[in-house]
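J.: pasted the sequence and its predicted model underneath.
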Amino acid sequence: MRPGNLKFKTVFIIEDKIPLEEFSHMIYTQIYPVFRSKMRHPEDITNRNNLYPIIQHAKMIWMSEAISLNPFQSQTFFWIDAGFSRFIKKEEQYTRPFPALNKVNMLIAQEQMIIAVGEANKKDLDVKSPLNMEDVLGTNKAFFQGKFFGGYKNTVYQLATGTLSNFFLALSNHMIDNEQITMFLTYRQHPTLWFLRESNKAFDFMADP
């Protein structure tokens with residue numbers, strides 16, 4: 001949380017390498033040659049740079065580690081992409097404490113996390129509609145917007161670990177795609193834990209009191 005005029009502490013975790021980096025060679029030598037022909041956009045950076053999907057999914061390692069450490073006994077955790085400030089349009093959102101306390105309390109009370117819907121349509125979000133991993137991996141579709149999300153600690157932890165499970169399952173089936181797809185698959189498994197907002201509206205919702 002941005003504390004406004006309150007004193008605060010920051011914990012820095014410095015690592016020697018990117019989490020999951022050991023899988024980059026497997027992606028390059030075993031998955032790209034086989035799966036590239038099935039990709040909707042084979043020239044997308046996810047499918048050209050084998051470290052890109054690794055970095056995308058590394059955020060789930062960092063989130064789960066932060067929640068496990070929890071040095072301040074926090075009830076909520078949020079991920080904000082580096083450079084996210086370019087999406088902030090309202091000047092007052094730079095000066096107010098963030099996230100708004102009433103929105104934080106709502107997520108805690110409901111044990112939910114918030115995320116903005118990207119390209120997912122109503123059918124995608126309808127968990128009663130049949131959908132397999134093979135239906136979405138390789139589409140490069142941004143079902144959700146991974147640049148900002150968060151909420152109640154246990155739910156965010158479930159998101160992080162569930163997304164990693166889907167990542168490893170994809171690798172075991174010689175498939176790969178961005179973390180917005182593996183996050184979407186996790187949503188399909190636990191839909192009631194997610195508080196969805198329309199495109200680019202999650203941050204505004206949490207910033208405005």
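T.: Cool, got the structure. Numbering: from 1, shown residues only.
J.: so what touches stretch 63-78?
T.: 1, 9, 11, 13, 79, 99, 104, 107-108, 148-153, 156-157, 159-161, 164, 206 (C-beta atoms under 8 Å, 6 or more residues apart in numbering). In this view, the C-beta of every residue, glycine as well, is placed from N, C-alpha and C.
J.: 7 Å instead?
T.: Contacts with stretch 63-78, where a contact means C-beta atoms under 7 Å, 6 or more residues apart in numbering, come from 11, 79, 99, 104, 107-108, 150-153, 156-157, 160-161.
J.: so of those, which ones are in strands?
T.: Among these, the members falling in strands (DSSP state E) are Trp79, Gly150, Gly151, Tyr152.
J.: now Asp177, nearest residue through space, not along the chain?
T.: Leaving aside its sequence neighbours, Asp177 sits nearest to Leu137 (C-beta to C-beta, 6 or more residues apart in numbering; 4.7 Å).
J.: likewise Arg40?
T.: With sequence-adjacent residues excluded and distances taken as C-beta to C-beta, 6+ apart, Arg40 is closest to Thr139, at 5.0 Å.
J.: closest to the centroid, which residue in this protein?
T.: Against the mean C-alpha coordinate of the chain, by C-alpha atoms, centre = their mean, the closest residue is Gly146 at 4.2 Å.
J.: state the helix or strand in which Met60 lies.
T.: Following DSSP states H and E, one finds Met60 within helix 52-69.
J.: what stretches of this structure score poorly on pLDDT?
T.: Under the criterion pLDDT under 70, the flagged ranges of the chain are 1-8, 94.
J.: where exactly do the helices run in it?
T.: For the chain, the helices defined by DSSP state H occupy 24-26, 32-35, 52-69, 101-110, 122-125, 133-136, 153-172, 179-189, 202-207.
J.: which one of those helices lies nearest to Thr46?
T.: Checking these against Thr46 by C-beta to C-beta gives helix 52-69 as the closest, at 5.4 Å.
J.: how close does the closest residue to Glu179 other than its chain neighbours get to Thr95?
T.: Among residues not flanking Glu179 along the chain, Gln56 sits closest, at 4.0 Å (C-beta to C-beta, 6+ apart). To Thr95, Gln56 is 31 Å away according to C-beta to C-beta, to the nearest Å.
J.: more neighbours, these two?
T.: The neighbour count for Gln56 versus Thr95, taken as other C-beta atoms under 10 Å, is higher for Gln56 (21 against 9).
J.: please tell me I have it right and the more buried one contacts Asn178.
T.: Yes - applying C-beta atoms under 7 Å, one finds Gln56 in contact with Asn178, separated by 5.6 Å.
J.: ok, residues contacting stretch 115-126?
T.: Here stretch 115-126 makes contact (C-beta under 7 Å, 6+ apart) with 129, 141-145, 149, 180, 184, 194, 196-202.
J.: coming back round to it: would you list the phi and psi of the residue nearest to Arg40?
T.: phi -90, psi -20 (degrees, to the nearest 10).
J.: number of residues surrounding it?
T.: 16.
J.: and it, how far from Phe184?
T.: Thr139 is 10 Å from Phe184, where distance means C-beta to C-beta.
J.: what's the overlap in contacts for these two?
T.: Here Thr139 and Phe184 share no contacting residue, scored by C-beta under 7 Å, 6+ apart.
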